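> Give me a model of this one.
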Amino acid sequence: MGYIKEEIKEINFQELSEKIIKRIFSFFNVVDLTRISGVCKKWKHLIEKDPDIFSNVNLAIFEGKYKTLDLIKIVQGGKNIK
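Presented below is the predicted three-dimensional model:
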């Protein structure tokens, strides 16, 4: 019996389309997005300029550390959070 052998090709992350990169970024939490935005200008631009990446932000990592109102201010880009 025969079988199909699939060839696995390595691909550089930077070779992926912006659509695919944005989809991957959509799975990161807000802290990770902040960190990876410092990797390169392209990633920073994709994260800062695409509202879809932040359409679903998981703030569970902040549970118990901040008040709900403060988290809302953070998401909205508010300043003067104490």
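
> can we go C-alpha only for contacts and neighbour counts from here?
Will do.

> Nearest the middle, which residue of this structure would you pick?
In the chain, the centroid-proximal residue (C-alpha atoms, centre = their mean) is residue 25; its distance is 3.3 Å.

> so it makes contact with residue 35?
No. The criterion here is C-alpha atoms under 8 Å, and residue 25 misses it with residue 35 at 11.5 Å.

> what residue ranges in this structure are flagged as low confidence?
Residues of the chain meeting the criterion pLDDT under 70: 1-2, 54-59, 71, 74-82.

> can you pull the buried residues of the host helix or strand of residue 44?
Using DSSP states H and E, residue 44 sits in helix 41-49. Of all the residues in helix 41-49, those buried under the rule 16 or more other C-alpha atoms under 10 Å are 43-44, 46-47.

> Ok, stretch 31-42 next?
Buried residues in stretch 31-42, counted by 16+ other C-alpha under 10 Å: 33, 37.

> now that stretch: how far from the chain's centre is it?
How far stretch 31-42 lies from its chain's middle: 8 Å, per C-alpha atoms, centre = their mean, to the nearest Å.

> same deal with stretch 4-23?
18 Å.

> Which residues does that stretch contact?
46-47, 53 (C-alpha atoms under 8 Å, 6 or more residues apart in numbering).

> and those residues as CSV, adding distance to residue 20?
Converted to CSV, the contacts of stretch 4-23 look like this (distance: C-alpha to C-alpha, whole Å):
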residue, distance to residue 20
46, 11
47, 13
53, 12
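
> Go through these and name the one nearest residue 63.
Closest approach between the contacts of stretch 4-23 and residue 63, by C-alpha to C-alpha: residue 53, at 21.1 Å.

> contacting residues for that closest one?
Neighbouring residues of residue 53 by C-alpha under 8 Å, 6+ apart: 22-23, 25-26, 47.

> can you check residue 44 too?
36-38.

> change it to 7 Å
Residues counted as contacts of residue 44 (C-alpha atoms under 7 Å, 6 or more residues apart in numbering) are 37-38.

> where's it relative to residue 52, distance?
Separation of residue 44 from residue 52 (C-alpha to C-alpha, to the nearest Å) stands at 14 Å.
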